[in-house]
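Q: sequence first, then the predicted structure:
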Amino acid sequence: METTLVLVKPDGVQRRLVGRILARFEEKGLQVVGLRLRMLDRPLLERHYGAHRSKPFYEGLVAYMASSPVVAVALRGKNAVAVVRKMMGATFGSKAEPGTIRGDFAVSDGFNLVHGSDSPEAAAKELELFFGADGVVDWRPGDMEWVYDVSDGAR
Ligand code: DAT
Ligand code: MG
């Protein structure tokens, strides 16, 4: 099992898409293990987007991400990092495939509704940044045996 970080970005919250975006991940079978609406400040965003500091779009990205609340979600499941990235679609809404979140709900390149960690290493860092050491809740979903074939062929 992997845990990954998703952010519903300011445009997703302002456009009242939080429920629909979360529903997609839940319907897939991913488990919510952390959930929080919050404003992001510049120091946190500088750490979160540190890899992009030298890019021309960096200042605009930080301003956009600090402009309105975001919803931070910790999601757990088999290959959760890659599954979430696939479900988000390509970075630019105008290029993202239909069927993906960005492909279905975004046409802007900058305002692309969601963030998802791009590797297990990034996920670990981002989960620590957004939920702290003990902010993720470990719980066992009651439908685990139906979402996964954990009975090992017994059914
Ligand atoms: P992703 O969010 O798909 O992981 P990324 O990490 O490369 O994409 O970039 C972070 C965010 O920065 C992205 O969601 C939107 C913005 N961004 C990336 N490239 C951009 C560009 N060329 N022009 C404007 N915004 C860009
Ligand atoms: Mg990224």
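A: All right, it came through fine. Numbers count the residues shown, from 1 in each chain. Ligands and ions are numbered 1, 2, ... in the order given.
Q: contacts and neighbour counts: CA atoms only from here.
A: Noted.
Q: quick check: Val13 touching Ser67?
A: No. The pair Val13 / Ser67 is not scored as a contact, 11.2 Å apart, by CA atoms under 8 Å.
Q: so where do the strands sit in the protein?
A: Ranges of strands in the chain, per DSSP state E, are 2-8, 31-38, 70-77, 114-116.
Q: let me know which of the ones you listed is tucked in deepest.
A: strand 2-8 (a mean of 24; mean count of other CA atoms under 10 Å).
Q: now that one against strand 70-77, angle please.
A: Counting by axes from the mean of the first three to the mean of the last three CA atoms, to 10 degrees, strand 2-8 lies at 160 degrees to strand 70-77.
Q: parallel or antiparallel, which strands does strand 2-8 pair with?
A: Sheet pairing for strand 2-8, assigned by DSSP bridges, gives strand 70-77 (antiparallel), strand 114-116 (antiparallel).
Q: name the nearest residue to the residue nearest to the spatial centre of the chain, sequence neighbours excluded.
A: Central residue of the chain (CA atoms, centre = their mean): Val6, 1.4 Å from the mean position. The spatial neighbour of Val6 that comes closest, neighbours along the chain excluded (CA to CA, 6 or more residues apart in numbering), is Gly116 at 4.6 Å.
Q: pretty sure the one you found sits against Met87.
A: No. The criterion here is CA under 8 Å, and Gly116 misses it with Met87 at 9.7 Å.
Q: so which of the strands of the chain comes closest to Tyr58?
A: In terms of CA to CA, the element of the strands of the chain nearest to Tyr58 is strand 114-116, at 14.8 Å.
Q: residue numbers of the protein in contact with ligand 1?
A: Phe57, Leu61, Ala90, Thr91, Gly110, His115 (CA under 6 Å from any ligand atom).
Q: next one, pLDDT for the last one please.
A: Translated: His115. In this model, His115 is scored at 98, pLDDT.
Q: residues contacting it?
A: Residues in contact with His115 (CA atoms under 8 Å, 6 or more residues apart in numbering) are Leu5, Val6, Leu7, Val8, Lys9, Met88.
Q: who's the second one bridged to?
A: Spelled out, it's Val6. Counting by DSSP bridges, the residues bridging with Val6 are Val73, Gly116.
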